[in-house]
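**Student:** Here is a sequence together with a model predicted from it:
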Amino acid sequence: MKIVLGSAHPYLPQLTGGAQISTHEIAKALAQRGHKVRVLAGLSGIGRTGLRSRVMLKLTGRKLASDARCGYPTHRGWFPSEGVGELTAADMPDVVLLQSGRQVPMALRFQELGVPVVLYLRNVEFGDLGGDLHSLGPVPTIANSDFTANRYREVYGLDPVVVHPTFTPGQYRTRTERSTVTFVNPRRE
């Protein structure tokens, strides 16, 4: 299958967070299984990747600059939803998995072009969706936790399948004295 993993947030190496690491792991796993994987992401103007992408966008007049720094094609743009037409014209995907970062505008654009959309809901910051989920009609949804799934069930009436974030445990194991606990990303929501 030809699969696009998309987010309006910048991607590796420009932004390194849980969603980006998990997306990278998903991309590698899908590619190892023989799928053709591409990432559609936002662009930050900083660093070598930012500079190279900015120059490419300026010289070509395109909406997306492409690289393969992560081992698979990554397409970056200031407003990735505006580059969906370019991306699909070059190679129509069989499905797109849209993750955190203005999923609704990207999903609408892919739907207009006839590409099936799956949403991977990674947070409960509903403003990050970039629009009303109901405007997409019925779409398959995945959530990264029971908590996230329950919030989308309560607020939007969705019933997401829970698929926990993908990562390679060996890359994160460390020796420890087990004397300290770290609590990551505390929120009252």
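**Tutor:** Okay, I see it. Numbering: from 1, shown residues only.
**Student:** Now do the strands in this protein.
**Tutor:** Here the chain has its strands, by DSSP state E, at 2-10, 36-42, 65-67, 74-77, 95-98, 117-121, 141-143, 161-162.
**Student:** so which of those gets nearest Ala19?
**Tutor:** strand 2-10 (6.7 Å; Cβ to Cβ). For the C-beta atoms, the positions are set from N, CA and C on the backbone; glycine is no exception.
**Student:** And Pro169, how close does it get to Glu25?
**Tutor:** Remark: distance between Pro169 and Glu25 (Cβ to Cβ, to the nearest Å) = 11 Å.
**Student:** Those two: which is more packed in?
**Tutor:** Counted by other Cβ atoms under 10 Å, Pro169 and Glu25 do not tie: Glu25 has more neighbours, with 15 against 6.
**Student:** Surely the more buried one touches Gly170?
**Tutor:** No - at 11.9 Å, Glu25 and Gly170 do not qualify as touching, with contact defined as Cβ atoms under 8 Å.
**Student:** contacting residues for the nearest residue to Glu82 once chain neighbours are set aside?
**Tutor:** In this structure, Glu82 finds its nearest non-sequential neighbour in Lys63, 4.8 Å apart by Cβ to Cβ, 6 or more residues apart in numbering. Lys63 is in contact with 57, 77-79, 82-83, 85-86, counting by Cβ atoms under 8 Å, 6 or more residues apart in numbering.
**Student:** before we move on, what about Leu5?
**Tutor:** 23, 26-27, 37-40, 96-97, 99.
**Student:** I'd like to know how far the residue nearest to Val124 when sequence neighbours are not counted sits from Gly17.
**Tutor:** Sequence neighbours aside, Arg151 is the residue nearest to Val124 in space, at 4.4 Å (criterion: Cβ to Cβ, 6+ apart). Here Arg151 is placed at a distance of 20 Å from Gly17 (Cβ to Cβ).
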